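**Q** Sequence and computational prediction follow.
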Amino acid sequence: MVKLKKILVTGARGGIANSLIERLKNKEFLIYITVHTKKELIRVKEKYKNYKKIKCFKLDITLENDRKILENLDIDILINIAGIGYGGSISEIPMDLVRENFETNVFSSFEIVQIVINKMIQKNSGKIIIMSSLIGLMPLKFLGVYSATKASIIHLTTTLKEELKLLNTNIKVVLIEPGMYHTGFNQVMLENKYDWMSQKSYFKDELDLIRKKENFFFNLFEKENLNSIVSKIEKAVVIDNPKFIYRAPLLQVIGAKLYQLFKM
């Protein structure tokens, strides 16, 4: 009997994660689907109740007790997607929001990596697939905190890959950098800053214009079809020797590279 490779997906409530699971659910994997809340868990359990190779459980990556569950699992492929986003001006965003954004996207995410990679090092095999974003290369006004977390992920993941080379392991590290896709995540992030900026902000008189410009920009560039990025993540999961970085969609990748080239 062939031993199934075990995949752990964090932050699997929808969007890219959901589309990826749809592609992987009938392949030869045992998939652990994890979501942030008990309410989300009820939904995904119902959705995948007829799939014996899918196990669902609650994993709030910021909670130590939730993370401890992973110590008893032998994961072959980690797909680290869980994340949140807060908008707001750098000059006044409440530091509690900054800390929460970094706590989830950076600190807790890499605690998950440390837990899972321990057994991978012991057995000298595995894949660590980590979700960043093109915004980590090309920050946008009023999304600076979120883009900073994604830039941190890029640097930490790159460093992880280089460090593992010294151990001469068969662990593959993969960085995913999607551009703007219409999953609903961006809309929440764009709007949540107005909860406090509409009350008191240096930019209070400019908020209507800021909102209009943001909505125009995201409506123009967001892609609803996730296939361009999900197909690349699937490839990273399935093949033995994936590339280090996968990016999409193409036009936004070109834009990010041009920004990197001319930003100074």
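**A** It's in.
**Q** what's the distance between Thr159 and Phe110?
**A** 10 Å (CB to CB, to the nearest Å). Where you see a C-beta, it was placed from the backbone N, CA and C, and this is true even at glycine.
**Q** Looking at the two, which is more packed in?
**A** Phe110 (19 against 11; other CB atoms under 10 Å).
**Q** And for that one, nearest residue in space, chain neighbours not counted?
**A** Once flanking residues are discounted, Phe110 sits nearest to Leu156: 6.1 Å by CB to CB, 6 or more residues apart in numbering.
**Q** For the stretch 1-150 of the chain, which segments are assigned as helices?
**A** Taking DSSP state H, counting those that start in this stretch to define them, one finds helices in the stretch 1-150 of the chain at 15-24, 38-47, 64-68, 95-102, 109-123, 144-166.
**Q** could you say what helices and strands the third one packs with?
**A** Contacting helix 64-68 under the criterion 3 or more CB pairs under 8 Å, 6 or more residues apart in numbering; DSSP states H and E are the following elements: helix 109-123.
**Q** Give me the buried positions along the helix it packs on.
**A** In terms of neighbour count (16 or more other CB atoms under 10 Å), helix 109-123 has its buried residues at 109-113, 115-117, 119-120.
**Q** Output the helix or strand containing Gln252 as PDB, restricted to C-alpha atoms.
**A** Element membership for Gln252, per DSSP states H and E: helix 250-262. This file holds the C-alpha atoms of helix 250-262, laid out as PDB (Å, rounded to 0.1, in the frame of the first residue of the first chain):
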ATOM      1  CA  LEU A 250       2.100  38.100 -15.300                       C
ATOM      2  CA  LEU A 251       1.300  41.800 -15.800                       C
ATOM      3  CA  GLN A 252       1.400  42.500 -12.100                       C
ATOM      4  CA  VAL A 253       4.700  40.500 -11.800                       C
ATOM      5  CA  ILE A 254       6.200  42.700 -14.500                       C
ATOM      6  CA  GLY A 255       4.900  45.800 -12.700                       C
ATOM      7  CA  ALA A 256       6.500  44.700  -9.500                       C
ATOM      8  CA  LYS A 257       9.800  44.100 -11.200                       C
ATOM      9  CA  LEU A 258       9.700  47.500 -12.800                       C
ATOM     10  CA  TYR A 259       9.000  49.100  -9.500                       C
ATOM     11  CA  GLN A 260      12.000  47.200  -8.000                       C
ATOM     12  CA  LEU A 261      14.200  48.400 -10.800                       C
ATOM     13  CA  PHE A 262      13.200  52.100 -10.700                       C
END
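**Q** Can you show me the CA trace of the helix or strand hosting Lys172 as PDB?
**A** Secondary structure from DSSP H and E places Lys172 in strand 171-178. The C-alpha trace of strand 171-178 is given here as PDB (Å, rounded to 0.1, in the frame of the first residue of the first chain):
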ATOM      1  CA  ILE A 171      13.700  19.900   2.300                       C
ATOM      2  CA  LYS A 172      12.400  22.200  -0.400                       C
ATOM      3  CA  VAL A 173      11.400  25.700   0.400                       C
ATOM      4  CA  VAL A 174       9.000  27.600  -1.900                       C
ATOM      5  CA  LEU A 175       7.800  31.200  -1.800                       C
ATOM      6  CA  ILE A 176       4.400  32.100  -3.300                       C
ATOM      7  CA  GLU A 177       3.900  35.800  -4.300                       C
ATOM      8  CA  PRO A 178       0.400  36.400  -5.700                       C
END
